[in-house]
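S.K.: how would this look folded up:
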Amino acid sequence: MKLNHFLFFFTLLTCYSCYENISYVNYGDDINSDLIYSETLTNNFDQSNITGQIIDVCPKKGCWMNVKVDTDTVFVKFKDYGFFVPKSGIEGKQVLMSGKIFKDTISVERLRHYAEDAKKSIEEIEKINTPEYKINIIASGVAIREN
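M.R.: Presented below is the predicted three-dimensional model:
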C-alpha cells in the first residue's frame, strides 16, 4: 500500500517537473500572453498583436528594437516614449507586442540617428544616403519571454 502511494506521489512529481512554465516580463501596458499573437503580417496592417524574435535593441537607452516577424523585420518604437526595454541581453528572445502597425518612410537623418545610437562607425553612418521603407509598430506594451 505504501508503495502505491509512493508511486502515485512520484508520478505527480515527475509530471509537474516536466511542465514548462513560460514567463514574460512586461514593459508598458500589460500584455496578456493568453491572447493570440500573429506570427505573420498581413498587408492591411489591421492587426494589433504580433509576436517575433528580437534582432537588436537601441544600446543607448532601449528606446527602439528590430524584431523578426516571419520574413519581415519590424521596427518597434514605444508609445509616447513612455517605456524602454533592456539595452542588452534580450537579442534572440521571443517578444509579444501590442500596438499600431503601419508602413513608414524613415528619413536619412533618422536612419543616421539610429546608426549613431547603435554605435556604428562614422564611415557606416556616412554611407546612409537613401531613406528606407519599413514596417513599424508603435507599441503600447511588449512582453519579453524570460525562459
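
S.K.: measure P59 to K119 for me?
M.R.: 6 Å (C-beta to C-beta, to the nearest Å). Just so you know, the C-beta spots here come from the backbone N, C-alpha and C atoms, and that holds for glycine as well.

S.K.: any idea of the pLDDT on the residue nearest to the spatial centre of the chain?
M.R.: By C-alpha atoms, centre = their mean, the chain has its centre lying nearest to V95, at 3.4 Å. With respect to pLDDT, V95 has a value of 96.

S.K.: helix or strand for it, which one?
M.R.: Using DSSP states H and E, V95 sits in strand 94-106.

S.K.: Show me what that strand packs onto, helices and strands only.
M.R.: Strand 94-106 sits against strand 49-57, strand 64-69, strand 72-78, strand 132-145, with contacts defined as 3 or more C-beta pairs under 8 Å, 6 or more residues apart in numbering; DSSP states H and E.

S.K.: I'd like the ones you listed as TSV, with distance to S33, mean neighbour count and mean pLDDT appended.
M.R.: Below are the helices and strands packed on strand 94-106 laid out as TSV (distance: least, C-beta to C-beta, whole Å; neighbours: other C-beta atoms under 10 Å; pLDDT from 0 to 100):
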stretch	distance to S33	mean neighbour count	mean pLDDT
strand 49-57	10	19	94
strand 64-69	16	21	94
strand 72-78	18	18	93
strand 132-145	6	19	93
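
S.K.: For my notes, please list those in JSON lines and give distance to K100 for each entry.
M.R.: Shown next, in JSON lines, are the helices and strands packed on strand 94-106 (distance: least, C-beta to C-beta, whole Å):
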{"stretch": "strand 49-57", "distance to K100": "11"}
{"stretch": "strand 64-69", "distance to K100": "15"}
{"stretch": "strand 72-78", "distance to K100": "10"}
{"stretch": "strand 132-145", "distance to K100": "5"}
